[in-house]
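Colleague: Give me the fold of what follows.
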Amino acid sequence: MPLVSINIPVYKCENYILRCLESVKNQTYKNLEIILVNDATPDNSIEIIENFISENPDLNIKLLHHEKNSGLSVVRNTGIDNSSGKYIYFLDSDDEITEDCIELFVKEIEDKKVQMVLAQNRWINTFDNSIKELGFPTLAPKKVYRNNEEIFEAYCHNFFPVPSWNKLVDLEFLKKNKIYFVPKLYAQDELWFFHLMLKVESLSIIDEITYLYYLHSNSVIFNRTKVNFENHQTIVEWFTKAYKETNSKRKQLIKKKLIGFKETTLQMQWKSMRDDVPYWKQNYARLKKAPKLSLSDYFSSEFTTDQKKRNLFLNLPTELGYRLFKWRYER
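Modeller: Numbers count the residues shown, from 1 in each chain. Predicted coordinates for the structure are as follows:
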């Protein structure tokens, strides 16, 4: 029964943290350490946590404190550096896990002898109490991968969910390869997972739902601002850096990934900041500087007709690109 480190960030989570901790307490797998990182939260979260700790002296809990608010990336990194388990699992403080979550993960990673395991999740919408099965689905056609090139190709086809939570990862592998979260990013999961996919040599997938993801008024998905989209530009710069440093086959895969990422960025910005047309145009123009399909790619079977069309839409003269985008998404 290897030790599993469950990492939980603490910031403005007083309404959710007890539910989260109870789900960890109720795990059928008991060899756990709970790493809580307080990112200078201004609410009553710490008082709730301290009461929980005093009421559960049998649980292995570390409560760490940042002197100043440093952001989720730094919180995650603090958790990695202070974890002592064989495996690490990220859990957000406003979510919860099923009772058999860690047991299923450990059995899979030990049986399959892989570096990481992914599972499914369920969305719970607190606005209307609706439930969506497989909110961020794992769509990979295979259950076990043992080759990095194959893993990276599956990632670039969006077969794996990007969020850092609900994944069990070999901690030594993370530390050895220095796969940490880039500070000052609000969309830190996207870039962390990209760096992970560049390195990981084996992974497996289980079909069970092990994570309950709660949608509420404070969810990031509903609160994107200009800083989020500046982060997306930074992520594209990291993709571009990796593109310049890799082989021709991987370059083609990164191009595929970028088509979807750039398109999604522009769609999200349109939904969140529809009235700021100059900023949308600015980002459209900036994204055109990233790697894109060449003329020879349009004559290659490496890319689908849909990918070629979407790439074209993303690289038009800015004013034309804006008008076409508005027509496509408002009709």
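Colleague: residues contacting residue 263?
Modeller: If a contact means Cβ atoms under 8 Å, 6 or more residues apart in numbering, then residue 263 has 310, 313-314 as its contacts. Bear in mind the C-beta positions are built from the backbone N, C-alpha and C, glycine included.
Colleague: hmm, 10 Å instead?
Modeller: 287, 310-311, 313-314, 325 (Cβ atoms under 10 Å, 6 or more residues apart in numbering).
Colleague: Select from those every entry located in helices.
Modeller: Assignment to helices by DSSP state H places the following of those there: 287, 310-311, 313, 325.
Colleague: Give the single residue among those positioned nearest to residue 134.
Modeller: Distances from residue 134 to these, taken as Cβ to Cβ, are shortest for residue 310 (24.3 Å).
Colleague: Report the contact partners of that closest one.
Modeller: If a contact means Cβ under 10 Å, 6+ apart, then residue 310 has 259-260, 262-263, 293, 303-304 as its contacts.
Colleague: One more: residue 192?
Modeller: Contacts of residue 192 (Cβ under 10 Å, 6+ apart): 73, 76-77, 90, 162-164, 174, 179-182, 185.
Colleague: next one: residue 202
Modeller: 109, 112-117, 144-148, 151, 170, 173 are the contacts of residue 202 under Cβ under 10 Å, 6+ apart.
Colleague: Just say helix, strand or coil for the closest residue in space to it that isn't next to it in sequence.
Modeller: With sequence-adjacent residues excluded and distances taken as Cβ to Cβ, 6 or more residues apart in numbering, residue 202 is closest to residue 114, at 4.0 Å. For residue 114, the assignment made with DSSP: H, G, I helix; E, B strand; the rest coil gives coil.
Colleague: re the thing from before, give the PyMOL command for selecting the buried subset of the contacts of residue 263.
Modeller: A single PyMOL command suffices to select whichever of the contacts of residue 263 are buried according to 16 or more other Cβ atoms under 10 Å:
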select buried, resi 287+310+311+313+314+325
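Colleague: Out of the contacts of residue 263, name the two that are farthest from one another.
Modeller: Using Cβ to Cβ, the contacts of residue 263 span at most 13.8 Å, a distance reached by 311 and 325.
Colleague: Any regions of the stretch 151-300 of the chain where pLDDT drops low?
Modeller: Along the stretch 151-300 of the chain, the parts satisfying pLDDT under 70 run over 217-224.
Colleague: I'd guessed residue 314 sits against residue 321; true?
Modeller: Yes. Between residue 314 and residue 321 there is a contact under Cβ atoms under 10 Å: 7.3 Å.
Colleague: Spit out the residues that contact these two alike.
Modeller: Shared contacts of residue 314 and residue 321 (Cβ under 10 Å, 6+ apart): 266, 284, 287-288.
Colleague: In the chain, where's the longest strand?
Modeller: Across the chain, the longest stretch assigned as strand under DSSP state E is strand 203-215.
Colleague: what's the following helix or strand after that one?
Modeller: helix 226-244 (DSSP states H and E).
Colleague: Show me what that following helix is in contact with.
Modeller: Residues from elsewhere that reach helix 226-244, judged by Cβ under 10 Å, 6+ apart: 182, 184-188, 190-191, 194-195, 198, 220, 224, 250-255, 257-258, 261-262, 264-266, 268-269, 272-273, 276, 279-280, 282-283, 286-287, 289-291.
Colleague: buried stuff in it?
Modeller: For helix 226-244, the buried set under the neighbour-count rule, 16+ other Cβ under 10 Å, comprises 228-232, 234-236, 239, 242-243.
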